[in-house]
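>>> Pasting a predicted model and its sequence here:
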Amino acid sequence: MEGVPGRLPRLAAAAASLWVLASVATVPAAFAAGPGGQSPRIALLDAGAAAGRASSRLELLALRRIFSTIGVPADVLSDARRLSDYKVVFTAGELVNTTVTPDLSNGLFDFVEGGGTLVSAGEVGNLLYPLFGLTRQVPGRKRYRLGFVTSDPVTAFMDHPNERTISLGNGAGHFFDDVIWSHGGSLAPGASALGTFEDGSVGFSRFPFGRGKAYLLGISYVNSVLLPQIGGSYNAERQYVNGVEPSADVVMLILKAVCAEAVSPLVSLSTVPYARPAGLVLSHDVDAQSSFLDSLKFADLEAKYNAKSTFFITTKYFTDESDIGYFSVPENLAAVRELRRRGWDVGSHTVSHLTKLAGAPEGDPGVTRKTYDPPAHLTVWGEARVSKELLDREIPGPRTIAYRSGDLAFPRALIRVLEGCGYSLDSTYSSNAVLTAFPYFAFEDQDLVSKESSVLEIPVTFDDSQGYLTPANAAAVAGGWLDVIGTIARYGGLPVLLVHPSDTRTKTYKLQAQELIMKAVAGQGGWMGDLSTAGRFWRSRAAVRFTAEAGAGGSLVIRVDARGEELDPAIGFEVAGAVSSLSVIDGQGKKLPYTVVSRSGKLYAGRES
């Protein structure tokens, strides 16, 4: 391997004792200073740009998405000379000998030696082995699992077996010989193996160097988090729906745990509306003649718990071998109008509800109800645009912004088409298939060279269909769902429940199962709501900027840069670390009415819903 000049040791600047969390998540920004002077912060280092080469764009994008998801502000850096300003640095991009310059290498060594915490992912060159406590690192694509120890502070959150061992591909069977790239290491004395691949090589490690420490994850953020979001997980899910598959979430949560270990107290945005202890998004697919009128029964149930749901309506207007054109039936239209009149959310569930949509052509963006003939020529544009046209025309109220494909079919161009039609939310992907229980902004196409879209994907966690939920097993299924909700709630995910209103004309088992879920979540003080409300919260959350200032006696002040009346009231905060008092101040210096509660050793600040 081509080498670079050796490291030139220098003394790093000592970190100040008082901390202030930086306010801007994407660019360096000014920040407040306290009695202890400038405080340590968190940075994302673009390794490519810092070496004077092309930006490590995709890996940096993955890191930025991770930090937006976990709600921890971080500066983005392209200059290794500024590392000493920070307490924790996460590098984006490979650190191989041929791309790491002497200045970058020296900067990384000095940063850790001076007391900083460094976190890198993927491949590193052997000239940096001493920094990470490595003796060897071997690339490969045949490692399918990464198991973690749970005795360390940064992995102690792992309660579920699928958290303690994450899947890198071939979740429910052997579908691929080669999956994502991984780099298995051998460690030098003094290094700790926190995660191990099934071949015995180390996939996550920590090494004390000088006064600091360096962590190394053997999988990149692009491969472990970003690629699954476009359906590229190599079938890593161990169960398609109705289970826990947090393989991407675990990577994100490890990074958050590293921050919490190094920066205390650590302030982050709550991932659940109103900082509640659990969240649950309620939804229904109305895709059968018998589903329309019975949707009102589910609305009645949800009203009992002061919650609303999203009803995804299939706008089928033609008769074929499967069913009649049920959207044209007057009593069905009246039922949907009544749902909207009561304030329930209405979304599109396509025109035809056909599985073959996944392979259908895009079609004509100018298609209308008058020109669209699904039995003769099914298209992605036709299913998305015409269903929205019919709902917006026939159902009074807000324009349709939420979409879910029939049978969760996901054509390659779906997100680009949805954006072109005016949708802002999609709930077609299974959360297990994308390995996350968090919403995220989807890419326009199912590849990483396409652009990020404005469409927010809120993936489905539970699905009652295809005989999964029956009168005989309703209580058992509800219990299983609650177990999953409990697991996801521990790390703040937003699970989505899908219950079809069909088979409820003379039966009540689906209503009973949903009520068991709702009663339990309500009893825990959880938040329940529709997809559009969850989407507004997550979109608002992505735009929030704040600082956190530690004061005398352990007090903490969180300052948001918006006026109180402009701040989404669902925005809340999580604080890990010792704090005696907590207040939230808006951009005009006004104290906001936040209530602070303690749960599981952390403080949560939320407003009343």
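Here it is on my side, so go on. Bear in mind that the values here come from a model prediction, so they are computed numbers and not experimental data.
>>> so where's the protein shaky on pLDDT?
1-40 (pLDDT under 70).
>>> got the domain boundaries for it?
Structurally, the chain divides into domains by automatic domain parsing as follows: 20-268, 279-537, 559-609.
>>> Kindly check the end-to-end length of the shortest one for me.
Using C-alpha to C-alpha, to the nearest Å, the end-to-end distance of domain 559-609 comes out at 21 Å.
>>> hang on, residue 559 packs against residue 585?
Yes - Residue 559 lies in contact with residue 585 (C-beta atoms under 8 Å); the separation is 4.8 Å. Placement of C-beta: from N, CA and C, glycine included.
>>> Any chance of the domains of the chain in a markdown table with mean neighbour count and distance to residue 552 as columns?
Listed next are the domains of the chain as a markdown table, based on neighbours: other C-beta atoms under 10 Å; distance: least, C-beta to C-beta, whole Å:
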| stretch | mean neighbour count | distance to residue 552 |
| --- | --- | --- |
| domain 20-268 | 20 | 8 |
| domain 279-537 | 20 | 30 |
| domain 559-609 | 16 | 9 |
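>>> would you turn the ones you listed into TSV with distance to residue 553?
Below are those laid out as TSV (distance: least, C-beta to C-beta, whole Å):
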stretch	distance to residue 553
domain 20-268	13
domain 279-537	29
domain 559-609	6
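>>> and of the ones you listed, who's closest to residue 543?
domain 559-609 (8.5 Å; C-beta to C-beta).
>>> quick one: residue 254 from residue 273, how far?
25 Å (C-beta to C-beta, to the nearest Å).
>>> Same check on residue 180?
33 Å.
>>> Can you show me the helices along the stretch 51-200 of the chain?
For the stretch 51-200 of the chain, helices defined by DSSP state H, counting those that start in this stretch occupy the ranges 57-70, 102-113, 129-132, 161-164.
>>> Could you work out which of those reaches nearest to residue 260?
Smallest distance to residue 260 across the helices of the stretch 51-200 of the chain (C-beta to C-beta): 10.1 Å, for helix 57-70.
>>> Report all helices and strands that that closest one contacts.
strand 42-46, strand 88-92, helix 221, helix 247-262, strand 440-443 (3 or more C-beta pairs under 8 Å, 6 or more residues apart in numbering; DSSP states H and E).
>>> show me what contacts the residue lying closest to residue 436 once chain neighbours are set aside?
Using C-beta to C-beta, 6 or more residues apart in numbering and skipping residues adjacent in sequence, the residue nearest residue 436 is residue 248, 4.6 Å away. Residues in contact with residue 248 (C-beta atoms under 8 Å, 6 or more residues apart in numbering) are 224, 225, 228, 229, 434, 435, 436.
>>> ok, now with 6 Å
225, 228, 435, 436 (C-beta atoms under 6 Å, 6 or more residues apart in numbering).
>>> Show me what whichever helix or strand residue 484 is part of is packed up against.
Taking DSSP states H and E as the criterion, residue 484 maps to helix 474-491. Other helices and strands packing on helix 474-491, by 3 or more C-beta pairs under 6 Å, 6 or more residues apart in numbering; DSSP states H and E, are helix 509-523.
>>> rerun at 10 Å
helix 161-164, helix 247-262, strand 279-286, strand 462-463, helix 509-523 (3 or more C-beta pairs under 10 Å, 6 or more residues apart in numbering; DSSP states H and E).
>>> now those in a markdown table, with distance to residue 64?
Formatted as a markdown table, those follow (distance: least, C-beta to C-beta, whole Å):
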| stretch | distance to residue 64 |
| --- | --- |
| helix 161-164 | 24 |
| helix 247-262 | 12 |
| strand 279-286 | 23 |
| strand 462-463 | 30 |
| helix 509-523 | 31 |
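>>> and residue 192, what does it touch?
For residue 192, the contact set (C-beta atoms under 10 Å, 6 or more residues apart in numbering) comprises 133, 149, 151, 152, 202, 204, 205, 206, 207, 208, 213, 215.
>>> quick one: what helix or strand has the last one in it?
Remark: residue 215 resides in strand 212-217, with elements defined by DSSP H and E.
>>> so how far is that strand from its chain's centroid?
Relative to the centre of its chain, strand 212-217 is centred 24 Å away, using C-alpha atoms, centre = their mean, to the nearest Å.
>>> which residue is nearest the middle of the protein?
Note on the chain: the residue nearest the mean C-alpha position is residue 438, at 3.0 Å, using C-alpha atoms, centre = their mean.
>>> distance of the residue nearest to residue 218 when sequence neighbours are not counted from residue 295?
Spatially, and ignoring its direct neighbours in sequence, residue 218 is nearest to residue 203 (3.8 Å; C-beta to C-beta, 6+ apart). When distance is defined by C-beta to C-beta, residue 203 is 47 Å away from residue 295.
>>> re the thing from before, quick check: next helix or strand after the strand holding residue 215?
With elements assigned by DSSP H and E, the helix or strand that comes after strand 212-217 is helix 221.
>>> who's in contact with that next one?
Here helix 221 makes contact (C-beta under 10 Å, 6+ apart) with 58-66, 90, 92-93, 121-122, 227, 248, 251-252, 255.
>>> coming back round to it: show me what the strand holding residue 215 pairs with in its sheet, parallel or antiparallel.
If you go by DSSP bridges, strand 212-217 pairs up with strand 117-121 (parallel), strand 202-209 (antiparallel).
>>> Contacts only, for residue 217.
Residue 217 neighbours (C-beta under 10 Å, 6+ apart): 119-122, 146, 182-183, 194-195, 203-205, 224, 251, 254-255.
>>> Quick one: the helices in the stretch 501-609 of the chain, in order.
509-523, 531-543.
>>> Give me the distance from the first one to the chain's centre.
It stands for helix 509-523. Using C-alpha atoms, centre = their mean, the offset of helix 509-523 from its chain centre is 25 Å.
>>> Does anything pack onto it? Which helices or strands?
Secondary-structure packing of helix 509-523 (3+ C-beta pairs under 10 Å, 6+ apart): strand 279-286, helix 291-304, helix 474-491, strand 496-498, strand 527-529.
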